[in-house]
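**Student:** what follows is a protein structure lacking sequence information:
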């Protein structure tokens, strides 16, 4: 059974930093592309960043230069380092792993990030 468990979300002031983590079990993370999504109240879920299993990365325009995605293939975890956070970054953040062969997507339960003074 595949499980993804996020942690690290909390209240932070504008300009602050947070590091989100996602512990993955039930699959070997090194073999899969990874991604982080977020969903703000009243808005659709949007992709924030993704990374292929060969190392290529992508960032949405509104986080480029501020966020960094990474993975630890030994610990089977994935992280999202978020710097210079702004109120518009407030959302529930979800980690995602996709099995390209089957089309199956695995999601964590989400972790809340609130950026406010």
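**Tutor:** Yes, it's here. Quantities reported herein were computed from a predicted structural model and do not represent experimental measurements.
**Student:** so how far is residue 113 from the most centrally placed residue in the chain?
**Tutor:** Centrality entry for the chain: nearest residue to the mean C-alpha point is residue 36, 2.8 Å, by C-alpha atoms, centre = their mean. Distance, residue 36 to residue 113, using C-beta to C-beta, to the nearest Å: 11 Å. Bear in mind the C-beta positions are built from the backbone N, C-alpha and C, glycine included.
**Student:** overlap of the contact sets of the two?
**Tutor:** Common neighbours of residue 36 and residue 113, counting by C-beta atoms under 8 Å, 6 or more residues apart in numbering, are 20, 93.
**Student:** show me the contacts for the residue in the chain sticking out farthest from the centre.
**Tutor:** Among the residues of the chain, the one whose C-alpha is farthest from the average of all C-alpha positions is residue 117, by C-alpha atoms, centre = their mean at 23.3 Å. The neighbourhood of residue 117, defined by C-beta under 8 Å, 6+ apart, consists of 13-14.
**Student:** try 10 Å this time
**Tutor:** Residues near residue 117 by C-beta atoms under 10 Å, 6 or more residues apart in numbering: 12-16, 87.
**Student:** tell me where this protein is predicted with low confidence.
**Tutor:** Applying pLDDT under 70 to the predicted model, the chain contains no residue that meets it.
**Student:** which stretches of it form helices?
**Tutor:** Along the chain, counting by DSSP state H, no stretch forms helices.
**Student:** was I right about residue 34 contacting residue 95?
**Tutor:** Yes - taking C-beta atoms under 10 Å as the contact criterion, residue 34 and residue 95 are neighbours in contact, 7.1 Å apart.
**Student:** so what sits against both of the two?
**Tutor:** With the criterion set as C-beta under 10 Å, 6+ apart, the overlap between the contacts of residue 34 and residue 95 is 4, 22, 24, 69, 77-80.
**Student:** so in terms of bridging, what pairs with the closest residue to residue 50 other than its chain neighbours?
**Tutor:** Counting by C-beta to C-beta, 6 or more residues apart in numbering, the nearest residue to residue 50 once its immediate chain neighbours are dropped is residue 35, at 3.8 Å. With DSSP bridges applied, residue 35 shows beta-bridge pairing to residue 50, residue 96.
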